[in-house]
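Chemist: missing the sequence, but the structure's below:
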């Protein structure tokens with residue numbers, strides 16, 4: 001009877017250990033996904049600002065059908081979610097890269113890119 005009880009206790013400890021391990025992994029995956037969504041939301045916000053600039057006339061501080069001259073506001077370049085920078089800019093399009101501050105692996109981080117056109121945008125998740 002003593003051996004059977006020890007085996008049941010050992011089995012219980014193993015099951016609890018596996019449950020804790022799985023819970024930590026699920027929590028980490030959820031945190032990464034949430035951070036990726038936050039970075040994407042901030043990129044969409046920046047895309048809307050750029051499109052507003054594109055569509056506004058020069059008299060109202062816009063680009064008058066050009067992205068040239070638009071820049072990411074200084075207070076939005078670095079946020080609690082990540083860092084944002086213009087990757088490329090032309091008259092008709094703009095590409096902004098967002099790098100999250102949540103580390104996925106030892107040398108990787110969340111990276112999301114958005115390509116902005118006059119009335120549309122395309123989000124690309126790099127990592």
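Modeler: Thanks, I have it. Please read all numbers here as calculations on a predicted model, not as lab measurements.

Chemist: buried ones in the helix or strand of the chain with the lowest mean pLDDT?
Modeler: Among the secondary structure pieces of the chain, namely its helices and strands, strand 94-105 has the lowest mean (mean pLDDT, DSSP states H and E), a mean of 85. Across strand 94-105, burial judged by 16 or more other C-beta atoms under 10 Å covers 94, 95, 96, 97, 98, 99, 100, 102, 104. All C-beta atoms are positioned from the backbone trio N, CA, C, and that covers glycine.

Chemist: just checking, next helix/strand downstream of it?
Modeler: Stepping forward along the backbone from strand 94-105, the first helix or strand reached (DSSP states H and E) is strand 108-116.

Chemist: Provide the strand pairings for that following strand, with the direction of each partner.
Modeler: Applying DSSP bridges to the sheet, strand 108-116 is found paired with strand 94-105 (antiparallel), strand 121-125 (antiparallel).

Chemist: With distance to residue 3 as extra columns, can I get these in JSON lines?
Modeler: Converted to JSON lines, these look like this (distance: least, C-beta to C-beta, whole Å):
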{"stretch": "strand 94-105", "distance to residue 3": "43"}
{"stretch": "strand 121-125", "distance to residue 3": "53"}
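
Chemist: what about the ones you listed, which gets the closest to residue 84?
Modeler: Closest approach to residue 84 among the strands paired with strand 108-116 (C-beta to C-beta): strand 94-105, 5.0 Å.

Chemist: mind checking how far residue 13 is from residue 93?
Modeler: For residue 13, the distance to residue 93 equals 58 Å [C-beta to C-beta, to the nearest Å].

Chemist: Those two: which has the busier surroundings?
Modeler: Neighbours around residue 13 and residue 93, counted as other C-beta atoms under 10 Å, are more numerous at residue 93. The numbers are 15 against 10.
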